[in-house]
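> below are the sequence and a predicted model for it; my questions follow.
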Amino acid sequence: MRHIVELLTRNRIFRRRLPKQYGSLPIYVSPDAQLKVLKPGRAAFDPQLLHAVDELVGAGDTVWDIGANMGVFSLASAFRSGTGKVVAVEADLWLVNMLRKTFELDENRKYGIEVVPVAASNRISIQKFLIAARGRASNHLGEVAGSTQSGGARSAVLVPTFELDYLLEYCVPPSVVKIDVEGAENLVLGGMKKILSTIRPRLYCEVTADRKKTFELMEQYDYVQRASRQGHGANLFFYPK
């Protein structure tokens, strides 16, 4: 049944609104990214993402959303931040178009959310990017294993990758960074040397199989961690000491 629903809703886009705690702002969503959006009310949105906004984002904060997907974290953060800047980094051009469509809606335009259509990594290069068979929320770089939820890949495309440190030349330094990149988090963190050592933002990061390496890297930069959700694909908060 799930497979049939996935096929029937592929490439379908419709408009929902965020929960009222986040201004009831309009957002375009697609079951092709995550079937959850078919659920009624607040259940359509990932509670972990919204909890992370509540935990980390305050008035005036600048937020970088790495692996922005449909933009739930970006848009909710923009509402909470108010005057702060939000940067959404997403490699899937299909999702990028949906993000831009959301951020250009009249109610959202005032937040000036920037979309950067690349994949974050530890180097500037061109890499294979796999579009997940089951849902675009599980898309991932070809050099990492990705998630078991991907169901394999429906297609592969070439995308540019870059280090997030490079983004400092063009965007306001972040107060908060969210990373959800389906197994590529250590590559992303490897491209944040300057950010982690000098900017010292608060982080929300999905950590997958190689979490030991993630912990060692964050300890190297004098960060402490706290769990949001445990298990495979644990979501963790990292705070500078």
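That came in fine, so what should we check first?
> show me how far the lengthiest strand in the chain is from its chain's centre.
Secondary structure assigned by DSSP state E gives strand 153-162 as the longest strand of the chain. On the basis of Cα atoms, centre = their mean, to the nearest Å, the separation between the geometric centre of strand 153-162 and that of its chain is 16 Å.
> contact partners of it?
The set of residues external to strand 153-162 that reach it, using Cβ atoms under 8 Å, 6 or more residues apart in numbering, is 91, 93, 118-121, 123-133, 141-142, 191. The way it works is simple: take the backbone N, C-alpha and C, and place the C-beta from them, glycine included.
> can you say which of these are buried?
Among the contacts of strand 153-162, those classed as buried by 16 or more other Cβ atoms under 10 Å are 91, 118-121, 127, 129-132, 141-142, 191.
> which of the contacts of strand 153-162 fall in helices?
Judged by DSSP state H, the subset of the contacts of strand 153-162 located in helices is Leu93.
> neighbours of Ser159, how many?
Small correction: residue 159 is Val, not Ser. Here the number of neighbours of Val159 (other Cβ atoms under 10 Å) works out to 20.
> any idea what it is bridged to?
For Val159, the beta-bridge partners are Gln127 (DSSP bridges).
> measure it to Glu90 for me?
10 Å (Cβ to Cβ, to the nearest Å).
> returning to that earlier point: would you put the C-alpha positions of the longest strand of the chain in CSV?
Backbone C-alpha positions of strand 153-162 (Å, rounded to 0.1, in the frame of the first residue of the first chain) are rendered in CSV as follows:
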residue,chain,number,x,y,z
ALA,A,153,17.8,5.2,-5.7
ARG,A,154,15.4,6.2,-8.5
SER,A,155,18.1,8.3,-10.3
ALA,A,156,21.6,9.8,-9.9
VAL,A,157,22.6,13.4,-10.8
LEU,A,158,25.8,15.3,-10.6
VAL,A,159,25.9,18.2,-8.1
PRO,A,160,28.5,20.8,-7.0
THR,A,161,29.8,20.4,-3.4
PHE,A,162,31.6,23.0,-1.3
